[in-house]
Structures are given as C-alpha cells and as structure tokens.
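Engineer: the sequence isn't on hand, but the structure is:
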C-alpha cells in the first residue's frame with residue numbers, strides 16, 4: 001500500500017578510501033549488481049531486499065568494493 005511502512009533494518013557503510021558515490025558505483029558494477037542508497041553520509045543496504053541465499057554474494061561484492 002502506498003502509505004504503509006514496512007519495518008526493516010539497514011547495514012550502513014562509510015568507505016575510508018573512496019567517496020560514497022564511488023563505493024556505490026563499484027557495488028552497482030559487481031556481478032550481480034548490489035543496489036543500495038546514500039543517506040545521512042552513509043551507503044545503506046536495506047536487509048529486506050537481500051535474500052539469505054544472497055548473503056555470500058553481497059559479502060563478496062562489498063569486500064571487492066572495499067579493496068578497489
């Protein structure tokens with residue numbers, strides 16, 4: 001419903017060696033893409049959008065984004 005709120009939690013990231021936009025772009029460029037959003041000077045991944053079987057894929061993408 002348009003005005004309903006669905007409870008969720010986010011994992012927030014503040015990259016040390018890149019900008020938030022560069023970090024987000026790196027995750028979007030991964031295969032498969034990892035899509036989050038920037039708010040409050042953090043990159044946020046909404047956990048309701050990640051299925052349990054996708055956890056390892058997301059972890060690998062985040063790890064790669066942190067080392068580039």
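Structural biologist: Structure received. Everything numeric in this text was worked out from a predicted model, so none of it was measured. Numbering: from 1, shown residues only.

Engineer: helices or strands up against the helix ranked longest in the chain?
Structural biologist: The longest helix of the chain (DSSP state H) is helix 55-67. Judged by 3 or more Cβ pairs under 8 Å, 6 or more residues apart in numbering; DSSP states H and E, the packing partners of helix 55-67 are helix 20-28. The way it works is simple: take the backbone N, C-alpha and C, and place the C-beta from them, glycine included.

Engineer: past the helix it packs on, which element shows up next along the chain?
Structural biologist: Downstream of helix 20-28, the first helix or strand assigned by DSSP states H and E is strand 37-39.

Engineer: can you give me the angle the longest helix of the chain makes with helix 20-28?
Structural biologist: 140 degrees (axes from the mean of the first three to the mean of the last three Cα atoms, to 10 degrees).

Engineer: for helix 55-67, which positions count as buried?
Structural biologist: By 16 or more other Cβ atoms under 10 Å, the buried positions in helix 55-67 come out as 58, 61, 62, 65.

Engineer: which residues touch the first one?
Structural biologist: Residues near residue 58 by Cβ atoms under 8 Å, 6 or more residues apart in numbering: 34, 45, 50.

Engineer: what comes into contact with stretch 11-18?
Structural biologist: Contacts with stretch 11-18, where a contact means Cβ under 8 Å, 6+ apart, come from 20, 22-23, 26, 40-45, 47, 62, 65-66, 68.

Engineer: I'm done for today, thanks for sticking with me.
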